[in-house]
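> Return atomic coordinates for the entry below.
(6 chains, ligands or ions: 4)
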Amino acid sequence: MNLTLDIIYLIATITFIYGLKYLGHPETAKKGNLIAAFGMGIAIVGTLFLHDLVVPTFTYVLIIAAIAVGTVLGWIIALKVQMTKMPELVSLFNGFGGASATIIGLVEFNKSIGDPTQTTTTMAAIIIGSITFSGSVVAWGKLNGTMKSLIRLPKYNLINNVVILGLIVFAAYFVWSSSSSQPLLYLLLFVALVYGVLFVIPIGGADMPVVISLLNSLTGIAAAITGILYSNMVMIVGGILVGSAGLILTFAMCKAMNRSLFSVIFGAFGSTQAVAGSQSVKGDIKHATVSDVAILMNYSQRVIFVPGYGLAVAQAQHAIHELEQLLESKGVQVKYAIHPVAGRMPGHMNVLLAESNVEYNKLAEMDDVNPEFKNTDVVFVVGANDVVNPAAHNDPSSPIYGMPILEAADAKQIIVNKRSMNPGYAGIENELFYNPKNSMLFGDAKTVIQSLISELKGM
Amino acid sequence: MNLTLDIIYLIATITFIYGLKYLGHPETAKKGNLIAAFGMGIAIVGTLFLHDLVVPTFTYVLIIAAIAVGTVLGWIIALKVQMTKMPELVSLFNGFGGASATIIGLVEFNKSIGDPTQTTTTMAAIIIGSITFSGSVVAWGKLNGTMKSLIRLPKYNLINNVVILGLIVFAAYFVWSSSSSQPLLYLLLFVALVYGVLFVIPIGGADMPVVISLLNSLTGIAAAITGILYSNMVMIVGGILVGSAGLILTFAMCKAMNRSLFSVIFGAFGSTQAVAGSQSVKGDIKHATVSDVAILMNYSQRVIFVPGYGLAVAQAQHAIHELEQLLESKGVQVKYAIHPVAGRMPGHMNVLLAESNVEYNKLAEMDDVNPEFKNTDVVFVVGANDVVNPAAHNDPSSPIYGMPILEAADAKQIIVNKRSMNPGYAGIENELFYNPKNSMLFGDAKTVIQSLISELKGM
Amino acid sequence: MIIGVLKETQEGDNRVSITPKIAQQLIGKGFEVNVEEHAGANSSYKNSDYSQVGAQIRSKEDLFNTSDILIRINNFDTKELELLKKGQIVMAQLFHKLHPQHMEIISKRGATAFSMDAIPRISRAQDMDVLSSQNNLAGYKAVIKGANEMTKIFPLMMTAAGTISPARVLIYGIGVAGLQAIATAKRLGAIVEATDIRTETKEQAESLGAKFIMVDNSGEESEGGYAKEASEDYAKRQKEAVNKSLFKADLVITTAMVPGRKAPVLITEEQVSHMQNGAVIIDLAAAQGGNCEISVMNETINKYGVKVIGTTMAPHSVSTNASDLYAKNTFNFLVHLTHDKNLKWDLEDQITEETLIVKDGEIRKS
Amino acid sequence: MIIGVLKETQEGDNRVSITPKIAQQLIGKGFEVNVEEHAGANSSYKNSDYSQVGAQIRSKEDLFNTSDILIRINNFDTKELELLKKGQIVMAQLFHKLHPQHMEIISKRGATAFSMDAIPRISRAQDMDVLSSQNNLAGYKAVIKGANEMTKIFPLMMTAAGTISPARVLIYGIGVAGLQAIATAKRLGAIVEATDIRTETKEQAESLGAKFIMVDNSGEESEGGYAKEASEDYAKRQKEAVNKSLFKADLVITTAMVPGRKAPVLITEEQVSHMQNGAVIIDLAAAQGGNCEISVMNETINKYGVKVIGTTMAPHSVSTNASDLYAKNTFNFLVHLTHDKNLKWDLEDQITEETLIVKDGEIRKS
Amino acid sequence: MQILEFIKDNLHLIYILILSVFIGVEVIKNIPAVLHTPLMSGANALSGVVIVGAILVMLQADPTDYIALTLGFMAVVLGILNVVGGFVVTDRMLQMFKKKKQ
Amino acid sequence: MQILEFIKDNLHLIYILILSVFIGVEVIKNIPAVLHTPLMSGANALSGVVIVGAILVMLQADPTDYIALTLGFMAVVLGILNVVGGFVVTDRMLQMFKKKKQ
Ligand SMILES: NC(=O)c1ccc[n+]([C@@H]2O[C@H](COP(=O)([O-])OP(=O)(O)OC[C@H]3O[C@@H](n4cnc5c(N)ncnc54)[C@H](OP(=O)(O)O)[C@@H]3O)[C@@H](O)[C@H]2O)c1
Ligand SMILES: NC(=O)c1ccc[n+]([C@@H]2O[C@H](COP(=O)([O-])OP(=O)(O)OC[C@H]3O[C@@H](n4cnc5c(N)ncnc54)[C@H](OP(=O)(O)O)[C@@H]3O)[C@@H](O)[C@H]2O)c1
Ligand SMILES: NC(=O)c1ccc[n+]([C@@H]2O[C@H](COP(=O)([O-])OP(=O)(O)OC[C@H]3O[C@@H](n4cnc5c(N)ncnc54)[C@H](O)[C@@H]3O)[C@@H](O)[C@H]2O)c1
Ligand SMILES: NC(=O)c1ccc[n+]([C@@H]2O[C@H](COP(=O)([O-])OP(=O)(O)OC[C@H]3O[C@@H](n4cnc5c(N)ncnc54)[C@H](O)[C@@H]3O)[C@@H](O)[C@H]2O)c1
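Residues are numbered from 1 along each chain as shown, chains lettered A, B, ... in the order given. Ligands and ions are numbered 1, 2, ... in the order given. Below you'll find the model as predicted:
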């Protein structure tokens, strides 16, 4: 191989490492993506031109045409897609990568016959690539709504395991027999595609991101395996990096959702239960993690805290004051919206916040602050419930009907911190929690705020 | 090479990675050391027995004797040495490693003649190895007190640079000429040894740890280079790991000392000034870092806080309460020792700490707490000064002579937090700060305590 | 519609039911407001403050003759009620259950009576709830008064001249007043303990830093957040649980009440005799008979070295704030009752229904 | 050596110079302690409390006849001093600079006088420093008294019946009393501002949460942590800087003093007339002439809608704590002065030197 | 024991694999949850590195082997879609981390 | 251009070196200051991996080449001293991190 190309690959590999590294921090993520894209670019261009093969112009034109078509298409799709549709797009793209690996495997299959190592490699590329492909497409369809979210086959676990075992035996047969049968090869391909479908289909919609991440990790491995075919370092190292990082990410996502990977993949029943637990007549509730909220606040201009009785119960007055000061030091404007009957006695919030020396001019009265919510990036409701319950406006049968409330729903984003879905003093459900703009951050107010503080300090 | 040996080396390499990783956290450090030692053990045993060479018994006996002698000696020395003498011992051991690399280079030199790559490698092993050796020995001597701490040669920077340049030219000559002259080789060795001495001799005693770390990193590189000679993976990867980790560590140490590596090595004048700044008639003061103090507290059983006026100035009452609760949650007993005239008005500390809801029964009066200091692992003096000043006992001319004080000096370890060496209300110096058991943790009390909290939370 | 604001006649009550600011708001809503001479004087509001915002200063007689609604904080006496005219409305804290004879007179005169103390404790009535707004101030002031009467200070102080141990404060009844008392005492640095028959108040007391003294209340009833009368058995258990704290207390504040009944006796004379020399008891339930056996309304009894102060007067002594809040409550109530200056008489509405004691001579509640 | 503990005669002073606990400690040191009848009664200490620890209860006459040292908190009057015998020692807050005639009598009688108010403000004398221990309590109590007198509450409260804005407290003089007043007012939730002629008090005030009102003090002197008399020019600058806060204040506490002189007038009648209706001034310097022009010692003046209370009595009203601390100070002082029950007369020692006003008839300080 | 043979022949490669795994893991752990999706998307773009293989397929294909060329063409299009689309989508996702304030 | 030649011949090795540097750096950064000395000591023990080379020198030495044997012997002794001493000292340093409580 060409030495310059070697060095280019080496550089590309290093950009991949830095790219992933930088993607791990909000401040550097954008830079990381660009660096990795740059590395990919030079690797592609290098591959195209720095080789010792004699390539007819026709082929070159074809390749460049393919690249041009793909680039333009990819770019346009990526720019056009709505923000909310991005996860399914990622899934689709990932499937394309898998398909690409499969095709390479198919093409290389003939050349590899006889060399067990090479055959093993092509087999792996075909199988993993096509599982990723069909799996990703299913995932895309599910997120898209094209496919029904939860399809359950009877005994699907058993079936799946049989299929995957069959696939392995099938592949082993190829390696061992040095068979070059094309029909058999396409049968293998077909079975692998089917397995991909079977694998993803029983998994619940809420767990899709985890699955995509897992499939993504698989694509990386497929790329690495294909790289072995060509002894191509950038494919090998790049693929493995994506494979391992993707796997870790998958685990991290599971952890953030409080699920185990096992239960995502196999315990599809568990999954339905978990989803049901956070469902209600009112719709779905969304969960936020501490780091989500920390980043959200960090990148806001205006934040309003709505304290309630729970803040007093948690004795989180000192913590919230520290959070306020920290945010202010980062250039975020913070206010406390004090509802006249928040807490359990008149002036409860005042007593509480005075204890931690919150400045009086940071406390806003309900009537003054209500018009401000609509210009507020994040409203953080801590241990409050009734005082932000829209039932006071909407539901004449509710015991709090007619009470003025803090119009938290006007804000661009709502975060509610409480320990559970239990109601407050008035004993009624709160529709705000099901507002699409709202995410719940469950936990004791003090603990949660302290975690927010450490998270924010790390930014 | 033997496949089993390859696998053993692979495993050893992995243990090295884990070892270093674990050494980075207090909880796992011990385990990390043991894992790495295990890896080293199997690598050595593997090397000894899993090879395809025909080795006469005599040689075996010799090798095993060498290992036995070295092991026993190393073990005994390491166990016998006083805690305080450990850094110089590390330096000495490091020097031995360098010497070992040098010797290997010398032995392999003859075989390498003609092959430029090999010759370059042997040259590098000899030069780097011997610089490390002589440098480490000088560092050892300095820490030991055997050598005068600061020896300054005129124009030493110029001399050093000339010598190192000469060394490189010398080595290049060997590679280029394929010379096999032994006298010249030993001249090279000699010059390299001299350079090691020249390199370390002008560096101040306080900066020795940084130098040792740097030399240590060099030994790692020497090991890796020697590894290339034998295409030995464990040496290569292990050596590079130590090399890169050692370098990062060197920078970290510089940062912790608030010095740049450049100023440590070249700016020896700066070094004397820095040391002078923290000297006084009373002797030296020691600095502690936030993480030192955090770990110290974390591994203590009994901690006493001594708050003073500075705590009020910093408005750190909430922070210290959080620190107290955090430590208690980690099983550390925490008390506040309240001096009757701490602060600027009677009961100042009481008012302050009541604000952050410190429990009354955590506050100990002077007379009750004074006998307890001697059973206290760490006393943390925050923004207090006069109330712990031993001049009240010792110095009849002092304005506070005769005032009862908190006997912080009785504790096993003292940490004083204040912003500077400025005196307190009485306007007098405080000998406690020069107590060998004391370390200063400079900074605003609130900032410092908050950093302590985040550090402790990460443990 | 003409609103007549009467001066308070009750000894020591410095409040006024409508402040100049609220008078202005009422006038803005189209009401005519007449104010008795010097009605606001004790709350730092001068006649001129009222006339400036467009209210008329009148004599008491005038007010009774011309007003559609007569407003005052405290109850009317019989003589005053005899002056009422048919169709006239009175609005005050009438405590109709304790004073059925007053209702009789109102009924006889064919007048109408709204009782401010009967405003239901529901969410949307919170801004008219005079009991809450006034009891809250009472809780604060009880602590301040107690601190002023004590010969000790509240906070712990470790000084060169020795250590002053913190005061121990014990609070009976964790309603609105009790909670504010806890908060205030805690702020000043006291060790605060509190007890209540309703165990749901434990969390509330603790959220303000008090230690809750738990008394087994099995078998006791409560209703809508209010306590019902306690059994004798409960009283015994309570004494057992609380005595230890009571006998160490420097300040005791009692706020326990049962709506429409005499306040329960929680501290007997015998218990007082075991209390610390120098202790102070502030009995905020004194007007309802008192939670302490020896307390007398508006008096300070010194017995067994203990000062027992019977009062509901606490809000009166912070009359400026108390008047502001009361006036605001009244304003919100009036706005709720009326539409375009006229009463709606919406008896479907819970607030109107429960506060309307006498309607055009017909006694609706007793 | 016989110590005679006299009952305080000054109207309203409920303290006692030696408490039973300290009496016991003195007896433990070998002193004989005689206590005047009912000396401790107002601080909740009974005669029996004293006799239980081994002190004798005696009549006042007896004490004057038999004691080696006569102890009291407040100054003696001329008649009492005439009873002194040669060699007898008196120990009290004599304020000798203000009362030279008293020193004359003591000198004439050949007696000895230690003045407790003259204890130097040095570190090792802190535990004998009665000014600190008593002023500290005064600072606390001034706020409590002020809060009790006000018709508003201290904290900010946002309630359903409207928002109560926090009280504004202004403190003149940031010595021991001023600091404790800041701390106490701040605890209760007030907005606190403070000013002092010594600018080094800025950081101290801020460490307790008050806003410091800076007055340019160039040209003014201070000495050993004490202020000297301020110039007229300073007084003018001070008024300009502080008036804005003064006219908005709900409570003003003045503590400014200059040792050995009349207290400076910081608030003139003209200023009072601009203050808020309902404001309260507590003048802790009233005994030294007062920081407020219209304040009168031990009286409450109502003028321009402002209550002006002249008092130094604050510590007396927390007599239990005040007596404990004073007694402890006295004990430490006695221990310092004596060795094995006998006075050391160590005039090299700064504390002895500065407090010994008259020695065996010779006046040493004036 | 072909696997052992393979290991022996590709020792360096195995080191590279293992070291890469370590780096992948070290570099990603402790990532905040908000970055999960962008990171997934970025990693997805990176996994498009198969494009290199796809290009090689075409480069090496016999100009008359239309099947290989066609398949290769598809592989390149799909691969580059993955790469370009992946990076662009990631970049868009990361817009939210632009500091809004000034 | 021998260096380029060397790179070409040892491409895998260079990958390994670079990846190792990354790991070394990733694994150590953010280490608390109290662990500086123990880590230095531990890394020092690891750098004793030259012992492997020293053993190889002796194994490969001609049994009659006394110079090589003697030098090798020294190299082994010094190397093993570095290893054993290094690990033991590190272990002792880390005693302070034993939880004292129970
Ligand atoms: N202010 C007054 O004078 C007064 C007097 C009496 C009644 N009220 C009534 O009290 C209510 C006050 O409204 P609000 O919004 O302040 O309180 P709320 O409606 O009672 O809601 C408080 C919420 O805090 C949560 N919480 C409790 N402990 C927590 C902890 N440690 N950490 C995090 N969250 C915690 C609870 O949910 P989880 O259990 O799920 O955590 C609860 O839903 C109103 O209905 C008002 O009418 C007011
Ligand atoms: N209690 C009373 O009634 C009373 C009254 C008057 C005088 N005094 C006298 O005051 C003294 C009290 O002793 P003390 O030990 O409490 O105080 P101190 O001796 O005055 O010492 C306070 C120390 O805190 C440090 N400091 C100030 N601000 C700080 C901050 N933001 N963060 C960290 N450190 C800070 C200062 O050093 P840096 O500047 O280097 O940070 C100073 O040395 C005694 O001498 C006592 O006699 C007491
Ligand atoms: N709608 C609202 O949101 C709203 C507004 C204000 C008050 N409230 C609620 O109304 C309730 C009553 O408040 P309140 O202050 O008017 O009560 P209250 O004045 O009637 O009684 C004071 C307290 O005394 C207690 N008590 C009675 N008998 C007792 C006994 N024998 N021993 C011990 N304690 C005894 C009661 O439980 C009550 O907590 C509270 O729960 C309060 O939270 C609700
Ligand atoms: N040795 C010790 O450690 C110790 C013990 C107690 C007090 N002290 C110090 O003694 C000093 C005096 O305390 P004090 O309470 O006895 O003082 P004080 O009672 O004599 O005076 C009170 C305050 O009034 C201020 N003042 C005087 N004239 C003023 C004017 N015209 N305008 C504004 N303010 C004016 C003074 O500066 C002083 O702060 C303080 O600095 C205190 O910290 C020291």
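
> Report the contact partners of C:Ala111.
Residues near C:Ala111 by CB atoms under 8 Å, 6 or more residues apart in numbering or on different chains: C:84-90, C:358, C:360-361. Using the backbone N, CA and C atoms, a C-beta is placed for each residue, glycine as well.

> switch the cut-off to 7 Å
C:Ala111 makes contact with C:84-90, C:358, C:361, according to CB atoms under 7 Å, 6 or more residues apart in numbering or on different chains.

> and which of these is nearest to A:Met345?
Taking CB to CB as the measure, C:Val90 is the one of the contacts of C:Ala111 closest to A:Met345, at 30.0 Å.

> Surely the closest one touches C:Ser67?
No: in this structure, C:Val90 is not within contact of C:Ser67 by CB atoms under 7 Å, at 9.5 Å.

> Number of residues surrounding C:Ser366?
C:Ser366 has 10 neighbours, counted by other CB atoms under 10 Å in any protein chain shown.

> Looking at C:Val90 and C:Ser67, which is more packed in?
For C:Val90 and C:Ser67, the more surrounded residue by other CB under 10 Å is C:Val90, and the numbers stand at 27 against 23.

> For my notes, confirm that one occurs in a helix.
No: going by DSSP: H, G, I helix; E, B strand; the rest coil, the assignment for C:Val90 is strand, not a helix.

> got a pLDDT number for it?
C:Val90 carries a pLDDT value of 94.

> which strand residues sit across from it in the sheet?
Under the criterion DSSP bridges, C:Val90 forms beta bridges with C:Leu70, C:Ala113.

> wait, what's in contact with it?
C:70, C:76, C:84, C:106, C:111, C:113.

> 10 Å - rerun?
Contacts of C:Val90 were listed using CB atoms under 10 Å, 6 or more residues apart in numbering or on different chains, and they are C:4, C:6, C:67, C:69-72, C:75-76, C:80-81, C:84, C:102, C:106, C:109, C:111-115, C:357-358.

> Tell me which of these fall in helices.
Per DSSP state H, helices hold the following members of the contacts of C:Val90: C:80-81, C:102, C:106.

> Count the neighbours of the residue in the stretch 201-350 of chain A that chain B sits nearest to for me.
Ranked by CB to the nearest CB, the top residue of the stretch 201-350 of chain A for proximity to chain B is A:His318, at 4.4 Å. Residues lying near A:His318 (other CB under 10 Å) number 24.

> Now do the buried residues in the host helix or strand of it.
Using DSSP states H and E, A:His318 sits in helix A:317-329. By 16 or more other CB atoms under 10 Å in any protein chain shown, the buried positions in helix A:317-329 come out as A:317-324, A:326-327.

> Including pLDDT and distance to B:Phe133, could those residues go into JSON lines?
Formatted as JSON lines, the buried residues of helix A:317-329 follow (pLDDT from 0 to 100; distance: CB to CB, whole Å):
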{"residue": "A:Gln317", "pLDDT": "93", "distance to B:Phe133": "61"}
{"residue": "A:His318", "pLDDT": "91", "distance to B:Phe133": "56"}
{"residue": "A:Ala319", "pLDDT": "93", "distance to B:Phe133": "55"}
{"residue": "A:Ile320", "pLDDT": "96", "distance to B:Phe133": "59"}
{"residue": "A:His321", "pLDDT": "94", "distance to B:Phe133": "58"}
{"residue": "A:Glu322", "pLDDT": "92", "distance to B:Phe133": "53"}
{"residue": "A:Leu323", "pLDDT": "95", "distance to B:Phe133": "55"}
{"residue": "A:Glu324", "pLDDT": "96", "distance to B:Phe133": "58"}
{"residue": "A:Leu326", "pLDDT": "93", "distance to B:Phe133": "51"}
{"residue": "A:Leu327", "pLDDT": "95", "distance to B:Phe133": "55"}
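
> phi, psi of residue 49?
Picked chain A for this. Main-chain torsions, A:Phe49, degrees, to the nearest 10: phi -110, psi -20.

> meant chain E, my bad for not saying
The phi/psi pair for E:Val49 (degrees, to the nearest 10) reads phi -60, psi -10.

> which residues does it contact?
So E:Val49 contacts A:12-13, A:16, A:36, A:39-40, A:43-44, A:97, A:100, A:219-220, A:223-224, A:226-227, A:232, A:234-239, A:241-242, E:79, E:82-83 (CB under 10 Å, 6+ apart).

> Could you list which of those residues belong to helices?
Counting by DSSP H, the contacts of E:Val49 contribute A:12-13, A:16, A:36, A:39-40, A:43-44, A:97, A:100, A:219-220, A:223-224, A:226-227, A:234-239, A:241-242, E:79, E:82-83 to helices.

> Any stretches of the stretch 151-300 of chain C with poor pLDDT?
Along the stretch 151-300 of chain C, segments meeting pLDDT under 70 span C:223-225.
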